[in-house]
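Student: Following is a predicted model, sequence given first.
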Amino acid sequence: MQNERSAGCEWRLRCGGRGEGVQVAAGSVALSVRARWRLCLDYKPGNTLGGLISYPYVPHIHMLRITFAIRSTVSREHFWSIHRTRTLVTMSPSTPPSAAEVATFIGTMNEDYMGKHKAFEDDFWSTKMALKGASFDHLSASKQELDDFLGDKKKLAEVAKMLRAAETATSGSIPSSQLKTLRVMKKTFETYCFDLDADAQALRRTITEKEHALEQKRNTMKLGMRDPANGEFQAASTVALRQLVRSSPDERVRRAAWEGMRSVGPAIVEDFCEIVQLRNRFAKACGFEDYYDYCVQSAEGISKRQLFAILDDLEQKTRSVLADRRAALAARHGEAAVEAWNLDFFMAGDATVRMDPYFPFENAVRVWAETFSALGIKYRGAKLRLDLCDREHKYSNGFCHWPVPSYFARGADGAATWVPSQANFTSLASPAQLGSGHTALRTLLHEGGHAAHFANVTQDSPLCSQERPPMSAAYAENQSMFLDSYQNDAAWLVRYAKSRAGKVIPWDVLEASLRAEHQKSPFDLRSMLAVPFFERRLYELADDDVTPAAVLALADAVELTVQLGAGQRPLLAVPHILAAESSCIYHGYVLAEMSVHQTRAHFVRKYGRLVDEPQIGADLEKIYWNPGMTEQFFDLVHNMTGKPLTADDWVSRLSEDLDGLLAREKADYEAGVEGGGAGSRAGAGTELDLNCSLQLVHGDEVVADSDADGGFAGACDKYREWVCATFLDDAGVQPPAKRAKSE
């Protein structure tokens, strides 16, 4: 197929190879690449541009986008694997910009973006935390302004023009950091810029408004459980309900708490159905198969079909492992043990109760800081704000967001000024509740990992260090999930799991926990898989089939298929599926968990250990964190581990013989005790160097601030005192008077 025209210079494109061919319209060429393509260009002034395109097969890349930047003296070739087809551009010769001009252009774009970004993030935090004066109307408005900025086709054209001009400059005259930044900017604007008519633009605004209305409804719904003892309603967040399902010795309470979580679905499903329909209409107007396809291509750079080729393979490899563990549990405790509200309790046995004294919540912040400090993790001057305790109307999931992403602001003279990040992260701890300290610490390690990642992106624009598409969801979750995995390691537990009296966790308690973790690990994997499998099928429904009854039934059907029974956390209680920023990204957790096990295995081979190894922090910073969005997730995993991403290490861990696992972990535990590791943690009052400032808040109340309270350790100590005074008595139990005060 050929297309010729005059546009400053003539060009002709010839395509050959297997595939769906080339479509040409209005001077653009759309490519759908299914097989082997190779791009060869030959251009001389006054002649035509001809090319044969072929591309070697890569398992996870089937879509190809080609962009040509043509100048009149030297032929150039530019192509890369992305997620959308785009326009073939020709441009007339022009004077290349100087590095100072490019720096000024980037700086102006950064300032314009940051104004929109920070306004939205401030509104996001205030509404999620239910602060005084928080306004969902303001959140909708600031979100729309940010969307309008990112979807501004004029800005895309400006960035594309500057990039083309910069790429024609004399070799070496434009710093590579500027070219990388312009390419990320272009990719970001391309993710949001579509040829939308007025109706589609209005549809996008309507979706934003309805999403925030549903979020407000979800945040203010009457959520809790009926006390089986007296029938009275007890208000509780989904996190508190889930903790009761895990730990209450009374099956009636566990079932009531599970039914409380399940009540979320019927309460939100009617409004959610309308949003699903609108999201699909918008995605199709943008040229995608459906909303899930839109999200995965925007974030991961692969199609929905390619993603589920990976997930389907993982599902098949782990189905029998789950079936065997369910059967073993039923054989040991009876069929009632595999009911959704009983699974976690019977898998844990008394491990949750026995572990609880070694994870006092009031010490969790310090343990997180000590863990990261020993790994050599720094925050490069970041400001961290943490809101950790549960309360009414607070958003029911932990998260970390960045009102200010880290980047280097460069002047026209090339001088760089470091802009440290500002991070907000949260958990939903109920300090006196059984198991709360353990859960809160995992959240701290996880969200603190996010904060460390985005404090260490060292590129020239905040667009390289923000967590919305086109950033890969898998990349965003990779290192946070790696860091929270430490909580399962005996070598870490012997150093950091201590009672209020300073007693190290005994081996028999740890062994019970490891047995429980081995039992439940395939359940956790399949619970994670259920979310993307549900969302895929949800957005594949025809509009007329998206009804409340159908969606509720679909959620039940997916749980039965993927989890082999009702889920411990009902799918419609998963908050990610409702919010615009987190819907259809849960697959990122699955891909990230694959990389976690692969990365752990790599570090064990390289350093012989995972715990308290400062080179791990250095490697995370250099290979995973510094590049930001200038590198692709699959490439980063390969750069770190030396091999492509696979599920092999994860599946191997799931299938590991229990006796072998316990023997290995016991050896690590004993080495920690014999080597003095159990006493190696810094004592109370010792300064910790994470190179950041820390503010600990409870809603609008500032509880502790490292700038005002004697540094990081001083803030940790003050927060500990506040937790004890607000929630706990001397035995770590919450008295009624203090409970009322906290509410």
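Tutor: Sure, I can see it.
Student: Contact partners for residue 338?
Tutor: If you count contacts by C-beta atoms under 8 Å, 6 or more residues apart in numbering, residue 338 has them with 326, 329, 330, 565. The C-beta positions use only the backbone N, C-alpha and C, and glycine is treated the same way.
Student: The helix or strand where residue 110 lies packs against which elements?
Tutor: Using DSSP states H and E, residue 110 sits within helix 99-128. When contacts are defined as 3 or more C-beta pairs under 8 Å, 6 or more residues apart in numbering; DSSP states H and E, helix 99-128 packs onto helix 136-150, helix 153-167, helix 176-192, helix 198-220, strand 399-404, strand 407-410, strand 422-429.
Student: angle of that helix against helix 198-220?
Tutor: Angle between the axes of helix 99-128 and helix 198-220 is 40 degrees (criterion: axes from the mean of the first three to the mean of the last three C-alpha atoms, to 10 degrees).
Student: Can you give me the neighbour number for residue 642?
Tutor: 11 (other C-beta atoms under 10 Å).
Student: If you drop the residues flanking it in sequence, what lies closest to it?
Tutor: Nearest non-adjacent residue to residue 642, counting by C-beta to C-beta, 6 or more residues apart in numbering: residue 602, 7.3 Å away.
Student: wait, doesn't the one you found sit right on residue 641?
Tutor: Yes: using C-beta atoms under 8 Å, residue 602 is in contact with residue 641, at 4.2 Å.
Student: so where's the stretch 1-150 of the chain shaky on pLDDT?
Tutor: Counting by pLDDT under 70, the low-confidence segments of the stretch 1-150 of the chain come to 1-94.
Student: Could you rerun that using 80?
Tutor: Along the stretch 1-150 of the chain, the parts satisfying pLDDT under 80 run over 1-95.
Student: can you check the chain too?
Tutor: 1-95, 170-171, 195-196, 349-350, 396, 580-581, 675-688, 729-743.
Student: Residue nearest the middle of it, spatially speaking?
Tutor: Residue closest to the average C-alpha location in the chain (C-alpha atoms, centre = their mean): residue 477, at 4.0 Å.
Student: ok, it - contacts?
Tutor: By C-beta under 8 Å, 6+ apart, the contact set of residue 477 is 588, 589, 592.
Student: I'd like to know which elements the helix or strand harbouring the last one is packed against.
Tutor: In this structure, residue 592 sits in helix 587-607 according to DSSP H and E. Helix 587-607 sits against helix 291-300, helix 304-333, helix 473-484, helix 507-539, helix 614-619, helix 633-641, helix 648-654, with contacts defined as 3+ C-beta pairs under 8 Å, 6+ apart.
Student: Would you mind putting those helices into TSV with distance to residue 229 alongside?
Tutor: Output for the helices and strands packed on helix 587-607, formatted as TSV (distance: least, C-beta to C-beta, whole Å):
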stretch	distance to residue 229
helix 291-300	43
helix 304-333	24
helix 473-484	35
helix 507-539	28
helix 614-619	49
helix 633-641	49
helix 648-654	39
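Student: I'd like to know which of those is closest to residue 110.
Tutor: In terms of C-beta to C-beta, the element of those nearest to residue 110 is helix 473-484, at 20.5 Å.
Student: next helix or strand past the closest one?
Tutor: Using DSSP H and E, the helix or strand that follows helix 473-484 towards the C-terminus is helix 490-496.
Student: Can you list the neighbours in contact with that following helix?
Tutor: Helix 490-496 has contacts (C-beta under 8 Å, 6+ apart) with 358, 367, 370-371, 486-487, 504-505, 510, 514, 609-612, 665-666, 668-669, 671-673, 677-678, 680-681.
Student: CA atoms only for that helix, dumped as CSV, please.
Tutor: What follows is helix 490-496, C-alpha atoms only, in CSV (Å, rounded to 0.1, in the frame of the first residue of the first chain):
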residue,chain,number,x,y,z
ALA,A,490,12.3,-14.8,59.7
ALA,A,491,15.6,-12.9,59.3
TRP,A,492,13.6,-9.6,59.5
LEU,A,493,11.2,-10.7,62.2
VAL,A,494,14.0,-11.8,64.6
ARG,A,495,15.4,-8.2,64.4
TYR,A,496,12.2,-6.1,64.3
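Student: Can you give the distance of that helix from its chain's centre?
Tutor: Counting by C-alpha atoms, centre = their mean, to the nearest Å, helix 490-496 is centred 26 Å from the centre of its parent chain.
Student: Neighbours of residue 673, how many?
Tutor: Neighbour count of residue 673, defined by other C-beta under 10 Å: 14.
Student: hang on, it in a strand?
Tutor: No: the assignment for residue 673, made by DSSP: H, G, I helix; E, B strand; the rest coil, is helix rather than a strand.
Student: Is it in contact with residue 510, as I believe?
Tutor: No: applying C-beta under 8 Å as the test, residue 673 and residue 510 come out as separate, 11.2 Å apart.
Student: ok so, going back, so the helix holding residue 592 versus helix 507-539, what angle?
Tutor: Computed by the same axes, to 10 degrees, the angle between helix 587-607 and helix 507-539 is 140 degrees.
Student: tilt between helix 587-607 and helix 304-333?
Tutor: Using the same axes, to 10 degrees: helix 587-607 against helix 304-333 is 80 degrees.
Student: what about helix 587-607, distance to the chain center?
Tutor: Distance, stretch centre to chain centre, for helix 587-607: 15 Å (C-alpha atoms, centre = their mean).
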